[in-house]
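1. make a model of this:
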Amino acid sequence: MTSALPAKCRGDVLLDTGVRLSYTRFGAGEPLVLLPGTGTDGRFWDLQLPAYAGEYDVIVVDNRGSGYSDAPAADAYSTEIMADDVAGLIGALDLGPAHVSGHSLGASIGQQVAIRHPEVVHSLQLHATKARNDEWLRRAFGYTTKFALDHGDARAAFRITMMWMLSADYLETREPAAVAEMVTRCYVQNPNAERNVVGMRGHQIANANHDSLAQLPLIQAPTLVTAGANDVMIPPRYSELVAGRIDDAEFRMFAGERSSHAFPWEMAAEFTTATLEFLRAHPIGGDGDD
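-> Alright, predicted model coming up:
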């Protein structure tokens, strides 16, 4: 696990969007910006960090409303403004163009970065992604978690989230240990857990209002879209639609009992290998396949 992986630096930047965005930096090489999903922070990527940081300058972002970043009121969230946050951070750190990779809400934010700020994105990875909410998505994860939060029951919201996020096999066995440790690190013993619950309301609003369907063909960066065959939070049909709307996007389906919404955790080795292969194929220097 990454407890032995020292951060090159930790920092935060006060952006023109009005929030202070926190980030942690590891490794050296071409910049790789990682965006986590709903209700969690940059710790989501801990299983990938050792491999990524061996080849890249990895910037792990705490989105607004998570980690050490500012958590404004719930009406101050959209995937567009959160993308502006990320583009502002890339500019402030003089990183662009960068590789950008996001999971779930982070992938929606990544879409908007590539649409609104194409000059800062060299390559794009969209994991467990969607183009917009339909009524099923609104009723499924959105309504069930919102109900618990609206009734002040953060514990119930956590248990509901884990049901949507993790495989039936993991929930039955609590194995492998690396996944259990990630659940503990990201949710149970996260020092920013209270802040993340506050931000989750804003994240839910951003999720509910995200609609990039008409704009996805504007994305020009080389793009990898991935999905988990057994993802019940964002079933793979949503990711397939995204891939089909982006010219020349690569699509990768992870299969098997562990191909849950959290396939970057439950299938960490396979996921890390596939994403590194994509990064190596699209170097910023321009010597790859793009």
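2. biggest helix in the chain, by residue count?
-> helix 193-209 (DSSP state H).
3. Arg116 reaches Ala83, doesn't it?
-> Yes. At 5.5 Å, Arg116 and Ala83 qualify as touching, with contact defined as C-beta atoms under 8 Å. C-beta coordinates here come from the backbone N, C-alpha and C atoms, glycine included.
4. so between these two, which is more surrounded?
-> Ala83 (25 against 18; other C-beta atoms under 10 Å).
5. can you pull the contacts of the closest residue to that one other than its chain neighbours?
-> In space, Ala83 comes closest to Gln112 once its chain neighbours are excluded; the distance is 3.4 Å by C-beta to C-beta, 6 or more residues apart in numbering. Shown in contact with Gln112 (C-beta atoms under 8 Å, 6 or more residues apart in numbering): Thr79, Glu80, Met82, Ala83, Ser212.
6. farthest-separated two in those residues?
-> Across the contacts of Gln112, no pair lies farther apart than Met82 and Ser212, at 12.7 Å, counting by C-beta to C-beta.
7. lowest average confidence, helix or strand, in the chain?
-> helix 143-150 (a mean of 76; mean pLDDT, DSSP states H and E).
8. that one packs against which elements?
-> helix 154-165, helix 193-209 (3 or more C-beta pairs under 8 Å, 6 or more residues apart in numbering; DSSP states H and E).
9. pLDDT of the longest one, averaged?
-> This predicted structure assigns helix 193-209 an average pLDDT of 85.
10. before we move on, which element is the closest residue in space to Gln215 that isn't next to it in sequence in?
-> Ranked by C-beta to C-beta, 6+ apart and with sequence neighbours excluded, the top spatial neighbour of Gln215 is Ile115, at 4.9 Å. Using DSSP states H and E, the element containing Ile115 is helix 105-116.
11. now do that helix against helix 193-209, angle only.
-> Helix 105-116 runs at 50 degrees relative to helix 193-209, counting by axes from the mean of the first three to the mean of the last three C-alpha atoms, to 10 degrees.
12. helix 105-116: what's the following helix or strand?
-> strand 121-127.
13. parallel or antiparallel, list what pairs with that next one.
-> strand 98-103 (parallel), strand 223-228 (parallel) (DSSP bridges).
14. please identify the deepest-packed of the helices and strands packed on helix 143-150.
-> Of all those, helix 193-209 has the most neighbours on average by mean count of other C-beta atoms under 10 Å, namely a mean of 20.
15. what is that helix packed up against?
-> For helix 193-209, the packing partners by 3+ C-beta pairs under 8 Å, 6+ apart are helix 79-92, helix 105-116, helix 143-150, helix 154-165.
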